[in-house]
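# Okay, sequence plus prediction incoming.
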Amino acid sequence: MKLRINLFLLMCLLFAVLPVRAQEEQPQGPVYTVQAGDTLGGIARRFGLTIDELALANGISNPNLLSEGTQLVIPGLDGIQGFLTTVTVPFGENLSSISRRYQIDIALLARLNHLTAPSELYAGADLVIPQEETGATNLTRMALAEGQSLLELSILAGTNPWSVLRGNQIMNSWGALPGDVYLLPGDGEAGPGGLPGAIQDVEITPLPLRQGKAGVIKIAAPQGLELEGSFMGYPLNFFSDTEGGYVALFGIHAMTEPAFYPFHLQGKLSDGRPFTFTQRVGVRLEDYPFDQPLTVDPATIDPAITRPEDAQWSALAATATPERLWGGLFRMPSPLSQEYCVETNECWTSRFGNRRSYNGSPYAYFHTGLDVAGGTGTKIFAPAPGVVVFAGPLTVRGNATMIDHGWGVYTAYLHQSEIMVEVGDRVESGDEIGLVGGTGRVEGPHLHWEVWVNGIQVDPLDWLIQPFP
């Protein structure tokens, strides 16, 4: 009897200890912490795995139950331990500058991200890096200018060239190349690597870019710079901003194929020297829904009518006037409460970007604006100061108005029952400009509101919830 009791106590002790051992075991490989917006499929692709491989390594039976903060062991990365995180690659960075910025060996960066060539790194990419090795706080970055020696750069930073060589893993002084960015003693950053010397920083927001969204590029550089650029076939129009740099706004078409597109900058520095810089920027898919098929007047989808009208409409929004007339958030172009509409999303009868089918056609169309609820006769207000550039009847758009707000930003108001402004009128935020109606290609009365940026229609709702630029 005593022997049985002892065996029972021993088994209880073993079962009590086993879970503690399991908790104390070190994970077999590096650990990635799930972040907001992550999916098991996306994480698997990031590390070059299949969903089944990642799920098996972590004992996951239902991939849909993945939650933020979950720690996943990443198999297949032999010899790598610790925690991994993800950073977004800014415009202007290259593999060398990122290696120095985070003090991570290039070979390790390439292995973690399955890079076979430096050109595979693009702005907006999610780059995996070891979490415990993210940047030193007492270092800054400086680019080696054309004709500048490493000794001169070291003197400017208050250090010696030998420290720069060791800190940046350069074998000798002639291994330092103009345009490269090096870690130096200091307490700040001088911007991304690889940019022309006079350009201190380039910021593109948001990264990654997405279908149907507006983007902003800000360039920190001395005045006197001649600056041009292009993206996806559209020229960039740069203007001086309030911080002494340059800014341009651009749009991503809602039907853009998700891919990597070259973002090109060129111009002349203040001393007359030309420069050029190009980097690929990623455009991601936006999950736009498919509306129910619509039945409309056949004349409003006849290419003989729609093509010339579309060309006329696009031409109105193609010019970037140099005076910026708006500031801050746009306001609702209707009497509805802006706070309520933004919070509940209950004021829109159809959202921007929704895929459309007319009279049984394929889903080859997209909704070019935001449909704001309102019956015939509901007042329409200007969302921001601007100048009226069109006010009149059109076949597809019905009674329509377009307002120029400067810097390539336009708004438009379609299907009105009455237009209350004329071309050339200067309007202020909140001015009454028309009345809701049901003219043109519609199934019922509503306000179709468009926002154009650099010749492309973008999501108007964004302009109600965040200021541009």
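Happy to help now that I have it.
# who does residue 71 bridge with?
Beta-bridge partners for residue 71, by DSSP bridges, are residue 33.
# Next, the contact list for it, please.
27, 31, 32, 33, 34, 83 (CB atoms under 8 Å, 6 or more residues apart in numbering). (Each C-beta comes from the backbone N, C-alpha and C, glycine too.)
# May I ask which of those has the most neighbours?
residue 32 (22 neighbours; other CB atoms under 10 Å).
# wouldn't that residue be in contact with residue 74 here?
Yes - using CB atoms under 8 Å, residue 32 makes contact with residue 74 at a distance of 5.5 Å.
# who touches both of these two?
47, 84.
# thinking again about what came up before, which of the contacts of residue 71 sits closest to residue 291?
Among the contacts of residue 71, residue 34 lies closest to residue 291 (CB to CB), at 33.0 Å.
# Near the spatially closest residue to the closest one that is not a sequence neighbour, how many other residues are there?
In space, and not counting its chain neighbours, residue 34 is closest to residue 70: 4.4 Å by CB to CB, 6 or more residues apart in numbering. Residues lying near residue 70 (other CB under 10 Å) number 15.
# Would you mind measuring from residue 70 to residue 33?
Applying CB to CB, to the nearest Å, the value for residue 70 to residue 33 is 7 Å.
# ditto for residue 437
In terms of CB to CB, residue 437 sits 53 Å off from residue 33.
# ok, residue 401 - contacts?
Neighbours of residue 401 in contact, by CB under 8 Å, 6+ apart: 388, 390, 391, 412, 413, 416, 419, 421, 433, 434.
# repeat that for 6 Å
Applying CB atoms under 6 Å, 6 or more residues apart in numbering, we find residue 401 in contact with 391, 413, 419, 433, 434.
# Likewise for residue 199?
residue 221.
# the helices in this structure, which residues?
2-24, 40-46, 51-58, 95-102, 106-113, 150-157, 161-167, 303-316, 338-344, 460-465 (DSSP state H).
# Distance to residue 444 and mean neighbour count added to those, as a markdown table?
Output for these, formatted as a markdown table (distance: least, CB to CB, whole Å; neighbours: other CB atoms under 10 Å):
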| stretch | distance to residue 444 | mean neighbour count |
| --- | --- | --- |
| helix 2-24 | 61 | 9 |
| helix 40-46 | 40 | 18 |
| helix 51-58 | 44 | 16 |
| helix 95-102 | 53 | 20 |
| helix 106-113 | 51 | 17 |
| helix 150-157 | 67 | 16 |
| helix 161-167 | 67 | 16 |
| helix 303-316 | 20 | 13 |
| helix 338-344 | 19 | 13 |
| helix 460-465 | 20 | 19 |
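# closest one to residue 237 among the ones you listed?
Of the helices of the chain, nearest to residue 237 by CB to CB is helix 303-316, at 15.8 Å.
# Would you agree residue 248 is in contact with residue 216?
No - under the criterion of CB atoms under 6 Å, residue 248 makes no contact with residue 216, lying 7.5 Å away.
# neighbour count winner among these two?
Higher neighbour count among residue 248 and residue 216: residue 248, with 26 against 16, using other CB under 10 Å.
# For beta bridges, what are the partners of the more buried one?
Assigned bridge partners for residue 248, using DSSP bridges, are residue 217.
# OK, contacts around it?
217, 236, 237, 238.
# Report the separation between residue 334 and residue 419.
16 Å.
# so can I have CSV of the helices of the chain showing distance to residue 375 and mean pLDDT?
As requested, the helices of the chain are exported to CSV (distance: least, CB to CB, whole Å; pLDDT from 0 to 100):
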stretch, distance to residue 375, mean pLDDT
helix 2-24, 63, 42
helix 40-46, 43, 88
helix 51-58, 49, 92
helix 95-102, 55, 81
helix 106-113, 54, 87
helix 150-157, 67, 72
helix 161-167, 68, 72
helix 303-316, 25, 96
helix 338-344, 16, 95
helix 460-465, 20, 97
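# Format those helices as JSON lines; extra columns: distance to residue 329.
Shown next, in JSON lines, are the helices of the chain (distance: least, CB to CB, whole Å):
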{"stretch": "helix 2-24", "distance to residue 329": "49"}
{"stretch": "helix 40-46", "distance to residue 329": "32"}
{"stretch": "helix 51-58", "distance to residue 329": "41"}
{"stretch": "helix 95-102", "distance to residue 329": "34"}
{"stretch": "helix 106-113", "distance to residue 329": "37"}
{"stretch": "helix 150-157", "distance to residue 329": "42"}
{"stretch": "helix 161-167", "distance to residue 329": "45"}
{"stretch": "helix 303-316", "distance to residue 329": "24"}
{"stretch": "helix 338-344", "distance to residue 329": "8"}
{"stretch": "helix 460-465", "distance to residue 329": "6"}
